[in-house]
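In: Fold the following for me, if possible:
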Amino acid sequence: SWSIIVVMVSSMGRLRGGVCLLVILCLGGCRSTAATCATFAAWLSPAKHIHTVNNAKLTRGFVAITVAPDMESVEVNWQVTADQAAAFATPNYITSVGVYGPASTTQVKPSTRGVLLDFQTLTVTAGQTSSIRLRLTSPELPTILQFMREGMAYVNVATVDNDQGELRGQISVPHCLEAQLEGAGTSRGFANVLISGSETEYAVLTQAAPDASVLTGGGITFTSAVPALPVISLTTINAEWSPLRPNEGQAYDAWLTIDARHLDAFKHVLAGNAAAPQVTVSVMGGGVTMQAMLMGAKGCRKLMSAEDSLFTIARAHRSDWLTVWSMNEGQPDRRHTLEPKYFAHPLEVSLGDSGDAIARRFGMTHKELQMVNPSVMDLASLTVGSTICVLPNWQETVGGNGRKICAD
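Out: Numbering: from 1, shown residues only. From the prediction side, this is the model:
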């Protein structure tokens, strides 16, 4: 079983007190190979609504969206925090929540469009954070994903007191940092820091395996020489989980704080500033401490679940286990839960490269290239120096002379 910790933070210093065909609660069924970083994220607050929010009882929220390898569904992890002094006449205070668009930060969705993706609502308790994980799909998902890539989709949380919406946040592609955590014995985990595109907000997701209780009563610390970083305090998330098998148990905890010193340190890591102090992540609880140095996230990788193997990674991405093995070190039959594995080759974009040219070179279709790069907004206009993922079809791959490398 794993323990998942989500942290939502804003450096701004102030946070006031479609059609979906299928919704699947992730009770074991969503325990497929997980991306090392969420594809999209949204930070929710009352202040982001363009209409007046009256007497907000929800202070903040966070949504992480991960696109499945086949791009036919998304896994959504969303959470919301209620004000300590809030008085709820009913725990069903949230009446609806979902993704809307197309709309910018200063717009509302077109009147002709309903909810694009409908999330399941949460029950709320004063001073508590509630969370849920869902898998969603829709016949309009390709269009919805394009809205997200373009920054033209938002999450809206409507409530009994604010039927137009009490929390709102624009969906964007986050910057991502990571740390592969290790401790004594077999203790291991993985931490991500997601930073908003505006670089004003961040969230931390920490996963620990294999004991879901290992972090009970613990805390998380970011340390560096300068500036000194404070410990993030613990807040328990009110979440329920019914494992289908013992190794699929889940427990959720959250740390919430506002401290610009964390964000400044994270920005130095994100920029690859070699002169800046290194940041170490330490996760403690249950007598166990796991830690690692924080670094820029490496693309084209997935985290191994307890049930994963090179075969499951290959099958999810329509590849083969030999190709996956060739991209990763070690014995093919040896792997650890939460160990990151490459599912595709990272390729740095050079001057003159385009999505079509890269796809042709590696024997891929445009759709196949988009499937391994779900967050890339426009494959026809790639940024020089950026990294995209490629999964070569060796029978169709061509060399610099334009001829196939593997002759018929």
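
In: what are the ranges of the strands in the stretch 1-150 of the chain?
Out: 2-10, 22-25, 34-35, 40-44, 58-67, 74-82, 94-100, 117-118, 129-137 (DSSP state E, counting those that start in this stretch).

In: other SSEs contacting the fifth one?
Out: Here strand 58-67 is seen to pack against strand 2-10, strand 40-44, strand 74-82, strand 154-159, strand 167-170, strand 201-209 when contacts are counted using 3 or more CB pairs under 8 Å, 6 or more residues apart in numbering; DSSP states H and E. All C-beta spots, glycine's among them, are computed from the backbone N, C-alpha and C.

In: could you check the angle strand 94-100 makes with that strand?
Out: Strand 58-67 runs at 40 degrees relative to strand 94-100, counting by axes from the mean of the first three to the mean of the last three CA atoms, to 10 degrees.

In: How far does strand 58-67 sit from its chain's centre?
Out: 9 Å (CA atoms, centre = their mean, to the nearest Å).

In: report the angle between the axes of that strand and strand 40-44?
Out: 170 degrees.

In: who does strand 58-67 pair up with?
Out: strand 40-44 (antiparallel), strand 74-82 (antiparallel) (DSSP bridges).

In: what about the strands of the stretch 1-150 of the chain, which gets the closest to A380?
Out: strand 58-67 (19.7 Å; CB to CB).

In: Quick one: mean pLDDT for the closest one?
Out: For strand 58-67, the mean per-residue pLDDT is 92.

In: what angle sits between that strand and strand 201-209?
Out: Using the same axes, to 10 degrees: strand 58-67 against strand 201-209 is 60 degrees.

In: need the helices for the stretch 301-408 of the chain, in chain order.
Out: Taking DSSP state H, counting those that start in this stretch as the criterion, the stretch 301-408 of the chain carries its helices at 310-316, 321-326, 355-361, 366-371.

In: Dump these to TSV, plus mean neighbour count, mean pLDDT and distance to D70.
Out: Below are the helices of the stretch 301-408 of the chain laid out as TSV (neighbours: other CB atoms under 10 Å; pLDDT from 0 to 100; distance: least, CB to CB, whole Å):
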stretch	mean neighbour count	mean pLDDT	distance to D70
helix 310-316	18	90	8
helix 321-326	16	89	16
helix 355-361	17	89	18
helix 366-371	17	92	7
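
In: Figure out which of those is closest to S130.
Out: With distances scored as CB to CB, the stretch of the helices of the stretch 301-408 of the chain nearest to S130 is helix 310-316 (30.1 Å).

In: In terms of secondary structure, what does the closest one contact?
Out: helix 321-326.

In: What lies in contact with the helix it packs on?
Out: With contacts defined as CB atoms under 8 Å, 6 or more residues apart in numbering, helix 321-326 is touched by S309, L310, F311, I313, A314, P332, K341, Y342, F343, L391, P392, W394.

In: Right, I'll leave it there.
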